[in-house]
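# Structure for the following, please:
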Amino acid sequence: MQIICLGDSITDCGHLLDDFPLGNGYVQMLAEMFQKEIPGRRPNSYSDNSRSFLSNTVQIKNYGFDGFTISRVLDNIRQHRISLHRSPVVTLLIGINDIGLMMNTNRTASQQKQMMAEFSEHYDELLKLLIADARQVILMEPFIFPHPEEYQTWIPHVRTMSDLIQNLAAKYRLPFVPLHDDLNKIAAEQGFDAITIDGIHLTAHGHELLARKLYSLVLETIAG
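As a prediction, this is how the structure comes out:
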């Protein structure tokens, strides 16, 4: 079974720059969970493309790229199709960079609304490409933390985007992983610095929380 993780810097986590082919975030942790918990595994290794974790059961690839928006993910899939012919499980975490562009101080409310509509259209088009080849596509909710406080103004846009993604999940009967409220609740209990390093990106503990949410869904898909 192949698992392909699509996203932006939260998924990327330096997988093209560091000594970790899967980065040092939730994708790497997801691979470690399969390594530890799937019985009958052989010692893990890394494929020649230096971006995938291999076991006798699961191959995980990190296709997250720092700065990616939904349109850039869509363009990447159009151009490469990233071995989707192998019927992988695909995970998708994208949107916060799109909101960052919307929050440019020069944007009017009308422009922000138009950009959100374009996000939904591109997301829909991306899903059509993915579900044509993938065994399953798992959609993850974008998130933001009001820490620093300036990100408080982003939260309404995150909620609007979340509603759009949930509607698309329902349209295509795909699983949706809620993250914004869950991660913020834990951050409020444990302290924001325990979960996020800057209000957008996650600490190691934050990545672990995300990986555990994702792991159960991926495992259900593989078992099914």
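
# From now on I want contacts and neighbour counts done on CA atoms only, so please keep to that.
OK.

# Now residue 102: closest residue in space that isn't a chain neighbour?
residue 112 (5.3 Å; C-alpha to C-alpha, 6 or more residues apart in numbering).

# what about the one you found, distance to residue 6?
Going from residue 112 to residue 6 by C-alpha to C-alpha, to the nearest Å gives 24 Å.

# before we move on, what about residue 69?
With the distance defined as C-alpha to C-alpha, residue 69 ends up 11 Å from residue 6.

# so is residue 144 in a helix, a strand, or just coil?
The local conformation at residue 144, judged by DSSP: H, G, I helix; E, B strand; the rest coil, is coil.

# Report pLDDT for residue 59.
Predicted confidence (pLDDT) at residue 59: the value is 88.

# ok, now the one 5 residues further on?
At residue 64 the predicted local confidence, pLDDT, stands at 95.

# Measure how buried it is and give me the count.
27 (other C-alpha atoms under 10 Å).

# Likewise for residue 109?
Burial of residue 109 is recorded as 11 neighbouring residues (other C-alpha under 10 Å).

# Show me the strands paired with the helix or strand harbouring residue 5, marking each as parallel or antiparallel.
Secondary-structure element containing residue 5, defined by DSSP states H and E: strand 2-7. Using DSSP bridges, the strands paired with strand 2-7 in its sheet are strand 59-64 (parallel), strand 89-93 (parallel).

# TSV for those, including distance to residue 122?
Below are those laid out as TSV (distance: least, C-alpha to C-alpha, whole Å):
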stretch	distance to residue 122
strand 59-64	17
strand 89-93	13
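
# Have a look at the protein and report its longest helix.
Counting by DSSP state H, the longest helix found in the chain is helix 109-133.

# Quick one: mean pLDDT for that one?
Average pLDDT, helix 109-133: 96.

# Which elements pack onto that helix?
Applying 3 or more C-alpha pairs under 8 Å, 6 or more residues apart in numbering; DSSP states H and E, one finds that helix 109-133 contacts helix 70-80, helix 96-102, helix 155-172.

# picking that back up, just say which of the strands paired with strand 2-7 is most tucked in.
Most buried of the strands paired with strand 2-7, by mean neighbour count (mean count of other C-alpha atoms under 10 Å): strand 59-64, with a mean of 24.

# for that one, the distance to its chain's centre please.
For strand 59-64, the distance from its own C-alpha centre to the chain's C-alpha centre is 11 Å (C-alpha atoms, centre = their mean, to the nearest Å).

# just the angle between it and helix 70-80, please?
130 degrees (axes from the mean of the first three to the mean of the last three C-alpha atoms, to 10 degrees).

# Find residues that contact each of residue 69 and residue 6.
With contacts taken as C-alpha atoms under 8 Å, 6 or more residues apart in numbering, residue 69 and residue 6 have residue 94 as neighbours in common.

# so what's the nearest residue to residue 208 once chain neighbours are set aside up against?
On the basis of C-alpha to C-alpha, 6+ apart, the spatially nearest residue to residue 208 that is not a chain neighbour turns out to be residue 26, at 6.0 Å. Shown here is residue 26, whose contacts under the criterion C-alpha under 8 Å, 6+ apart are 11, 207-208, 210-211.
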